[in-house]
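Peer 1: sequence unknown, structure follows:
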């Protein structure tokens, strides 16, 4: 009998500490599968964020570094400039990348650093217990917005992919989701392309993954994935927001 | 012959595999608990399985192995 599906080799045997039904596990697996298929596990260096994925260094079998809150793209920049032959990626949540780490994210994109950024957007602060994030939807109930996010008081959620796509610098900006099998397969392709771009030296590749947080949204895992489809994806549409090399190929 | 194996001790019983299965082969074992204290998923109707790996694609804990 041949094995059709198994845990990728770039993941360790450590069980995930995430809550039941948390899509972080799916996204970890997609990153690991992309590393396996490209054969870069031995030379990959990951940068873990502060947030739920803070212990990602336990789960990936490649080298990992833990960055201060929000500073993963800055740390990744340093690693990549010192060791240009290694493949450097960051794995960050929305509280890390879109809040305290916004400056690092925007500037590493503007400089077109040759790194891969995986951005997990679940519209809430997961690790600290469900406070409002910069990406929480209008009207969304969280610990710090018990009557729903009031956009007159708290502002509008930030669409990071659209914002970064306005910059001249970055190579590849895309948004994917992991709420059903089809979207997971497309997310895998996007993550693999983001790593491939780095191997080819094309530059900053950014994959926003629309994810869920069943625990802090107060839903079952199934309801949470349905809420992603019904509420999050209309505000955060899936798509490729920038792909410079494809544009150049089309122009030829 | 399709063999679907669950690493039951690591299962958190979230049920995403059960929802993803197009043939409704899987179920949560409500009468059992694993060492983590969760009711694990299991293959209820082996004969209906088509080996599509949708369950393993949606499993957040990478506990499903599929052999054909």
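Peer 2: Cool, got the structure. Since the structure is predicted, the reported quantities are computational estimates derived from the model, not experimental observations.

Peer 1: residue ranges for the helices of chain B, please.
Peer 2: For chain B, the helices defined by DSSP state H occupy B:16-20, B:54-58.

Peer 1: So stretch A:124-144, near chain B or not?
Peer 2: No. Using CB under 8 Å from any CB of the partner chain, we find that stretch A:124-144 stays clear of chain B, coming within 13.5 Å at best. For glycine as for every other residue, the C-beta is placed from the backbone atoms N, C-alpha and C.

Peer 1: Compare the helices of chain B and report which one is nearest to chain A.
Peer 2: Closest of these to chain A is helix B:54-58, at 4.4 Å (criterion: CB to the nearest CB).

Peer 1: quick one on the thing from earlier: can you put the helices of chain B in JSON lines and add distance to residue A:88?
Peer 2: What follows is the helices of chain B, written out as JSON lines (distance: least, CB to CB, whole Å):
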{"stretch": "helix B:16-20", "distance to residue A:88": "31"}
{"stretch": "helix B:54-58", "distance to residue A:88": "27"}
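
Peer 1: closest one to residue A:169 among those helices?
Peer 2: helix B:54-58 (33.6 Å; CB to CB).

Peer 1: same for that closest one, what does it pack against?
Peer 2: Packing partners of helix B:54-58 (3 or more CB pairs under 8 Å, 6 or more residues apart in numbering or on different chains; DSSP states H and E): helix A:181-199, helix B:16-20, strand B:64-67.

Peer 1: Need the winner for burial among these.
Peer 2: helix B:16-20 (a mean of 23; mean count of other CB atoms under 10 Å in any protein chain shown).

Peer 1: I'd like the distance from it to the chain centre, please.
Peer 2: 8 Å (CA atoms, centre = their mean, to the nearest Å).

Peer 1: Do that helix and chain A come into contact?
Peer 2: Yes. Applying CB under 8 Å from any CB, one finds helix B:16-20 in contact with chain A at B:16, B:19-20.

Peer 1: What is the neighbour count of residue A:26?
Peer 2: Neighbour count for residue A:26, taken as other CB atoms under 10 Å in any protein chain shown: 24.

Peer 1: Could you do residue A:218 as well?
Peer 2: Residues near residue A:218, counting by other CB under 10 Å, number 12.

Peer 1: same thing with the one 10 residues further on?
Peer 2: Residues lying near residue A:228 (other CB under 10 Å) number 24.

Peer 1: Also residue A:17?
Peer 2: Using other CB under 10 Å, residue A:17 is surrounded by 12 other residues.

Peer 1: contacting residues around it?
Peer 2: Counting by CB atoms under 8 Å, 6 or more residues apart in numbering or on different chains, residue A:17 makes contact with residue A:55.

Peer 1: What parts of chain B come near chain A?
Peer 2: B:1, B:3, B:10, B:12-16, B:19-20, B:38, B:51, B:53-54, B:56-68.

Peer 1: buried subset of these?
Peer 2: Applying 16 or more other CB atoms under 10 Å in any protein chain shown to the residues of chain B next to chain A, the neighbour count classes B:10, B:12-16, B:19-20, B:38, B:53-54, B:56-66 as buried.

Peer 1: related to what we said a few turns ago, output the helices of chain B as JSON lines; include the columns mean pLDDT.
Peer 2: Output for the helices of chain B, formatted as JSON lines (pLDDT from 0 to 100):
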{"stretch": "helix B:16-20", "mean pLDDT": "95"}
{"stretch": "helix B:54-58", "mean pLDDT": "96"}
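
Peer 1: I figured residue A:122 hits residue A:93, correct?
Peer 2: Yes. Counting by CB atoms under 8 Å, residue A:93 is a contact partner of residue A:122 at 7.1 Å.
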